[in-house]
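1. need coordinates for the following:
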Amino acid sequence: MAFFNHTPVGKTLNVFAKDFDTIDDVLHDNFYQFWILIYTFYDLISIVVIFAWIMIGILILFAIVFYFYLINAAIIKMHLGSSTSTVVSHTAETLTGLSVERAFNKENKFLEANQA
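-> Alright, predicted model coming up:
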């Protein structure tokens, strides 16, 4: 009780007013910022989870496309090799046999046979 006898009412009221101002304004802003933080964290987790599922889907799709590409690339390479092997073997035999034809002077006969 001695406190109220020595302290004027205005100073006491001012101290309590400042405390209530802190409770009304600052505490409200702190709770507001806390909820913004919670919602931001929730949104971040949601985006990461959704993005992870999308990335897993993209990786599965890539694996499927890559699997079919490997199968078809092997088939195409096999057909390409079989179609060019006759040309390559004919060219190799021709170049190998040139020295023999020149040795026996049969170039004209070779040219007549291959120009048709």
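2. any idea which helix or strand in this protein has the lowest mean pLDDT?
-> Lowest by mean pLDDT, DSSP states H and E among the helices and strands of the chain is helix 2-6, with a mean of 62.
3. contacting residues around residue 108?
-> By CB atoms under 8 Å, 6 or more residues apart in numbering, residue 108 lies in contact with nothing. The C-beta positions use only the backbone N, C-alpha and C, and glycine is treated the same way.
4. what distance do you get for it to residue 101?
-> Noted for residue 108: a distance of 10 Å to residue 101, by CB to CB, to the nearest Å.
5. so, low pLDDT: which residues of the protein?
-> By pLDDT under 70, the weakly predicted segments of the chain are 1-18, 116.
6. export stretch 35-48 as PDB, just CAs?
-> Taking C-alpha atoms only, stretch 35-48 is exported to PDB below (Å, rounded to 0.1, in the frame of the first residue of the first chain):
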ATOM      1  CA  TRP A  35       1.100 -18.000 -37.800                       C
ATOM      2  CA  ILE A  36       2.700 -16.600 -41.000                       C
ATOM      3  CA  LEU A  37       5.800 -18.600 -40.200                       C
ATOM      4  CA  ILE A  38       3.700 -21.800 -39.600                       C
ATOM      5  CA  TYR A  39       1.700 -21.300 -42.900                       C
ATOM      6  CA  THR A  40       4.900 -20.700 -44.800                       C
ATOM      7  CA  PHE A  41       6.500 -23.800 -43.400                       C
ATOM      8  CA  TYR A  42       3.400 -25.800 -44.300                       C
ATOM      9  CA  ASP A  43       3.400 -24.400 -47.800                       C
ATOM     10  CA  LEU A  44       7.100 -25.200 -48.200                       C
ATOM     11  CA  ILE A  45       6.600 -28.800 -47.000                       C
ATOM     12  CA  SER A  46       3.600 -29.200 -49.400                       C
ATOM     13  CA  ILE A  47       5.500 -27.900 -52.400                       C
ATOM     14  CA  VAL A  48       8.500 -30.200 -51.600                       C
END
